[in-house]
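1. Here is a sequence together with a model predicted from it:
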Amino acid sequence: MDPLRLSDIDIARATPAEAKLEHALKVMQLGIGMKRAQLRARFAGASEHEVEQRLLAWLAEPR
């Protein structure tokens with residue numbers, strides 16, 4: 001296996017679950033913020049409430 005991949009695996013194994021969860025939540029928060037910004041740009045005349053409703057609808061879509 002590639003030495004860099006092995007290093008990534010070792011780091012992942014050594015990282016506590018709490019740190020992994022914290023990182024995942026930060027990435028999720030950033031992603032939601034990016035989607036909110038995209039919706040604001042796409043629907044420039046929409047109120048904050050309308051943008052929030054569109055965001056909630058997008059989050060509820062099955063993936």
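-> Noted; the coordinates are in hand. Numbers count the residues shown, from 1 in each chain.

2. So which residue is smack in the middle of this protein?
-> Nearest residue to the geometric centre of the chain (Cα atoms, centre = their mean): M28, 2.5 Å.

3. In contact with A12, which residues?
-> K20 (Cβ atoms under 8 Å, 6 or more residues apart in numbering). Heads up, the C-betas are built off the backbone N, CA and C, glycines and all.

4. any idea which helix or strand carries it?
-> Counting by DSSP states H and E, the element that carries A12 is helix 3-14.

5. For W58, which non-adjacent residue is closest in space?
-> K35 (6.3 Å; Cβ to Cβ, 6 or more residues apart in numbering).

6. Look at the one you found and say how many residues are nearby.
-> For K35, the neighbour count with other Cβ atoms under 10 Å is 15.

7. Please compute how far the helix holding A12 lies from its chain's middle.
-> 23 Å (Cα atoms, centre = their mean, to the nearest Å).

8. before we move on, what about stretch 2-11?
-> 24 Å.

9. now the angle between helix 3-14 and the top helix by length along the chain, please.
-> Longest helix in the chain, counting residues (DSSP state H): helix 17-42. If you take axes from the mean of the first three to the mean of the last three Cα atoms, to 10 degrees, helix 17-42 sits at 110 degrees to helix 3-14.

10. Show residues contacting the very next helix or strand once past helix 17-42.
-> Going down the chain from helix 17-42, the next helix or strand is helix 48-60, by DSSP H and E. With contact meaning Cβ under 8 Å, 6+ apart, helix 48-60 is reached by 32, 35-36, 39-40, 43, 46.

11. got it, and stretch 20-34?
-> Here stretch 20-34 has contacts from 12, 55, 59, using Cβ under 8 Å, 6+ apart.
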